[in-house]
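1. prediction below, plus the sequence it came from.
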Number of protein chains: 2
Amino acid sequence: MRLPPGVTATAFSEALQQFADAVGKEWVFTSDEDIDTYRDAYSPLWHEDEESIPSGAVAPASVEQVQAVVKIANRYKIPLWTISTGKNLGYGGSAPLLSGSMVLDLKRMDRVLEVSDKNHYALVEPGVSYFDLYRYIHERNLKVWIDPPDPGWGSPVGNSLERGGGYTPMRDHFASVCGLEVVLPNGDLVRTGMGALPNSKTWQQYKYGFGPYLDGMFSQSNLGVVTKMGIWLLPEPEAYFYGTVTVPKHDDLFPLVEIYAYLMNSGMVQATTLVTSPLWYARPDPELAALRASGSVKDLDDYAARKNIASWSVGLPFYGPAKVIEAQWEFAKQKFSAAVPGAQFHDGPSYRFPLSDDQLAKIVDTVPFGIPSLQIFSIIGSHAVGHLGFSPIIPMTGEAVLESQRVFEQVYRDLGSPGGAAASFPVFSFFPRAFVNIYLFPIVHDVEKNRQTRQIYRRLIKESAARGWGEYRTHITFMGDIMNTYSFNNHALLRLHETIKDALDPNGILSPGKNGIWPKSMRNPKA
Amino acid sequence: MRLPPGVTATAFSEALQQFADAVGKEWVFTSDEDIDTYRDAYSPLWHEDEESIPSGAVAPASVEQVQAVVKIANRYKIPLWTISTGKNLGYGGSAPLLSGSMVLDLKRMDRVLEVSDKNHYALVEPGVSYFDLYRYIHERNLKVWIDPPDPGWGSPVGNSLERGGGYTPMRDHFASVCGLEVVLPNGDLVRTGMGALPNSKTWQQYKYGFGPYLDGMFSQSNLGVVTKMGIWLLPEPEAYFYGTVTVPKHDDLFPLVEIYAYLMNSGMVQATTLVTSPLWYARPDPELAALRASGSVKDLDDYAARKNIASWSVGLPFYGPAKVIEAQWEFAKQKFSAAVPGAQFHDGPSYRFPLSDDQLAKIVDTVPFGIPSLQIFSIIGSHAVGHLGFSPIIPMTGEAVLESQRVFEQVYRDLGSPGGAAASFPVFSFFPRAFVNIYLFPIVHDVEKNRQTRQIYRRLIKESAARGWGEYRTHITFMGDIMNTYSFNNHALLRLHETIKDALDPNGILSPGKNGIWPKSMRNPKA
């Protein structure tokens, strides 16, 4: 039997018995086979001593059971690592950061409590997956869309609270959260926003409530267990259109991104898109590689002209009435044409909703249409067992795109690219007003390659922070490293997080170490 | 000399000397004349013993001075009531909730630190008013809009943190906040979001940072003094158009609001508008009053048809390229026409930006065009000295509009309408996905009338809460009453606020009582 840190075998046995009394003994897991299912199959610490392994798992079915579990954990000082569906792949899956934590698995709390297609929201429990919510809506023919992230088997609660991103106009998932119910570390139950008003009529329609607005405190957090969450949905749009803009020259990137930011920040483009370089994705060519390393803009422009490849491109997804989209695309074309000689435009796919079954069958990636999918796994490719994402937020400017490419490529040149990670990736607009630069690393069943990956990952964190770019989210292995970069005024923000953590969770039972935040008893003195 | 509660005259004198050493003695105010300027000239407790009066004011000019003031206040346990420009009229102005508090007046911190018209944001200090920020932008001919609230003399920091609303697509002011710098109650300085990363490049472009997202905790809050704030701006739109939809019959309200919610939640209408009844604003007519009291839909429809007055109307403001607006208005007209026989459409004002000086001179209310104004005071009218707003959030449904009108009109019939408050007001969309119902009460220099106003106000709070509608913001006089209605699970949310308050502010020096949150030493046992 694995033990939680600092807990005796006798005490742990007692606690397990009490967990079983609270949730039913078939919902307390401690066998090796069961524990294996909660490990991170794609851990960058695969088969190394440092891989964190839970001591067991407990799966309550109701709010009252969550409260009971939390109270027992307090009694025995057993750390709980909360998961909803446990599919947080690339970030640790269902594995805890601290070895010996019990996984608090909320998969049994899987009720869709309400969906409104008049006011366009849902109220869900944490174990509801994107597939579950989609099916609920589809079966009732409700005219609302969810916004799934790349793989749809995760949950709206988990993904939104981890501040993930999707592809439709509701792409910023935390921004769509409206009202939480939370079991606090002491077992007390709070409702935030308008939910604090008994019999509230607007819990899912108005976020802020009265007084301090606390929802954000429970995102990327170890301050509570969210048991209900409101989420805003998109009314089914009439149509969709995807246009692509390409520009011929290297320095055209600057006006390209500037106009893109105008369209995005004006609300004309509300969905996730990417800025990329068709050149980078041309077949490997040693001549091009040499030109890119030399950094000569003129030579790159000559090369692009000779090969007839655009230097940059941006995709623009539009959602709304067909005629509105037409006018928006026309406006965008005028803007880009006026700023960039030689800008070209390509009409991509266009749809009316709802899609017919025939249309659906032909669409490879349904995620931009609010339909969850697992298609992403075939896109990432089969050479890897899993993946790890390095994802710094950079300004939405051409300068930042170029600089980040240069800096990160240099790291790859210095350290090599273990397992075949690409040095150049497009930048995405998962969030309003900034780009996120996502580098994917394959995780393989090879200790040495994973060690190299961790080395390069940590170097990227450092180079990134040195330039004022911070990661928005990371795998459990790197949470401490990244929180460490958010160090303004001698880690003032972390010290504030710790003050709040100690006040709410004096026994330190909820997800110790999550995003670098440890309870008092486990905290190292800071430098 | 007025004294803060529990502070001796000797101690207070010492503290004042230390404040003077920190900020300069000309910036510490304790004379009666000076204190008068910090009183609420429009207090509903005007000339009554309960009116709260500060013991003085202190005005630091820098972050370091704010830190010094906070540390001195801790030493002497002097409550500080933070204001930015102090123009929070209708909510207490610059007056503290607790008599004897020192006003911490941030008016001297009035620097616009940055405005970007490429990425569309500003970084401002708390003493910067909407007029200041507008002038800064206008003088540099930057192509970005601010979103002023009704009167423009308040500050972006104050209004956004109080979660006020404006009229352009950036109307939800707290939603535009991106990154804070905060002096904590212990004098420590934190930066939230990406600001915690030294040399951050995206402090004003990405809200959440890494780990728990705390900005909301500092809104409507007494947990810190915000000394810098990032705020998203709107790229100057090409054009504006205001269309009005009217519908003939009483029950047409239901589809009218449903389509309105579709347009709003789809992002086609992003700005504040109102749903109202032309009937209510018809000249007073005893026949109509009787019909409305009787509640007969048929009789009301007959009356409206006979008088040729529409039963309901909604205004739709559009911002964007002219051709996009045209397509959006066309789409809206089709939607309403299909759902409501007899719906009529009226083309309102239409503009291209920037406005010429000639055009500007003719526009009465410039606020919807991002230009601050004090015009609202002439709209409220001259019969009042000040005003008080009762503003519950109700669902964006026709049912809720009707029910709230019925309930609040009944209160007026029961209690009368002191000073001439209107019983019926339009509902506004200051925030996404819900309506706010704003009732304005005049505050007059008449103790008895103000007493009646407070009585009716408290009755409205009660009737509202009984139906699950909660206020989003209120005057200092009613903060405790309203927090009291957010009572789910024996006031669990308030108890959480108090736990956080005690952890961050053990001496209870920052804005005691704000929104019903008191420090431990001043807290009454809850029922």
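-> Yes, it's here.

2. show the contacting residues for the residue nearest to A:Gly179 when sequence neighbours are not counted.
-> Leaving aside its sequence neighbours, A:Gly179 sits nearest to A:Gly230 (CB to CB, 6 or more residues apart in numbering or on different chains; 3.8 Å). (C-beta placed from N, C-alpha, C; glycine too.) Contact analysis of A:Gly230 by CB atoms under 8 Å, 6 or more residues apart in numbering or on different chains lists A:Tyr121, A:Ala122, A:Leu123, A:Val177, A:Cys178, A:Gly179, A:Leu180, A:Gly193, A:Gly195, A:Trp203, A:Gln204.

3. write a ChimeraX command that selects only the buried members of those residues.
-> Those of those that count as buried under 16 or more other CB atoms under 10 Å in any protein chain shown are selected in ChimeraX with:
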select /A:121,122,123,177,178,179,180,193,195,203,204
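
4. Throw the contacts of A:Gly230 into a markdown table and include pLDDT, thanks.
-> Shown next, in a markdown table, are those (pLDDT from 0 to 100):
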| residue | pLDDT |
| --- | --- |
| A:Tyr121 | 98 |
| A:Ala122 | 98 |
| A:Leu123 | 98 |
| A:Val177 | 98 |
| A:Cys178 | 98 |
| A:Gly179 | 98 |
| A:Leu180 | 98 |
| A:Gly193 | 98 |
| A:Gly195 | 98 |
| A:Trp203 | 98 |
| A:Gln204 | 98 |
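
5. the contacts of A:Gly230 in helices, which ones?
-> In helices, judged by DSSP state H, none of those are found.

6. in TSV: the contacts of A:Gly230, plus distance to A:Ser350.
-> Shown next, in TSV, are the contacts of A:Gly230 (distance: CB to CB, whole Å):
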residue	distance to A:Ser350
A:Tyr121	28
A:Ala122	28
A:Leu123	34
A:Val177	31
A:Cys178	32
A:Gly179	36
A:Leu180	38
A:Gly193	38
A:Gly195	41
A:Trp203	37
A:Gln204	32
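
7. per-residue confidence for A:Gly508?
-> pLDDT for A:Gly508: 97.

8. so it sits against A:Ile517, correct?
-> No: assessed by CB atoms under 8 Å, A:Gly508 is found out of contact with A:Ile517, at 10.1 Å.

9. could you pull out the buried residues of stretch A:21-30?
-> Buried, per 16+ other CB under 10 Å, within stretch A:21-30: A:Ala22, A:Val23, A:Trp27, A:Val28, A:Phe29, A:Thr30.

10. is there any residue in the helix or strand hosting A:Tyr242 that contacts chain B?
-> Using DSSP states H and E, A:Tyr242 falls within strand A:239-247. No: Strand A:239-247 lies out of reach of chain B by CB under 8 Å from any CB of the partner chain, never closer than 10.7 Å.

11. average pLDDT across the next helix or strand after that strand?
-> For strand A:239-247, the following helix or strand on the C-terminal side (DSSP H and E) is helix A:253-265. In this model, helix A:253-265 has an average pLDDT of 97.

12. who touches A:Phe241 in this structure?
-> A:Pro317, A:Phe318, A:Ala322, A:Ile325, A:Glu326, A:Trp329, A:Asp347, A:Gly348, A:Pro349, A:Ser350, A:Tyr351 are the contacts of A:Phe241 under CB under 8 Å, 6+ apart.

13. pull up the residues of the stretch 401-527 of chain A that are close to chain B.
-> So far as CB under 8 Å from any CB goes, the stretch 401-527 of chain A lies against chain B at A:431-434, A:465, A:467-474, A:482-483, A:485-489, A:492-497, A:499-500, A:502-504, A:515-517.

14. at 6 Å what do you get?
-> Neighbours of chain B within the stretch 401-527 of chain A, by CB under 6 Å from any CB of the partner chain: A:433-434, A:468, A:470, A:482, A:486, A:488-489, A:492-493, A:496, A:499, A:503, A:515.

15. farthest pair in the residues you listed?
-> A:Arg433 and A:Ala503 (32.6 Å; CB to CB).

16. who's more crowded, these two?
-> Shown here are A:Arg433 and A:Ala503; by other CB atoms under 10 Å in any protein chain shown, A:Arg433 has more neighbours (22 against 17).

17. you'd agree that one is up against B:Trp203?
-> No: the criterion here is CB atoms under 6 Å, and A:Arg433 misses it with B:Trp203 at 11.4 Å.
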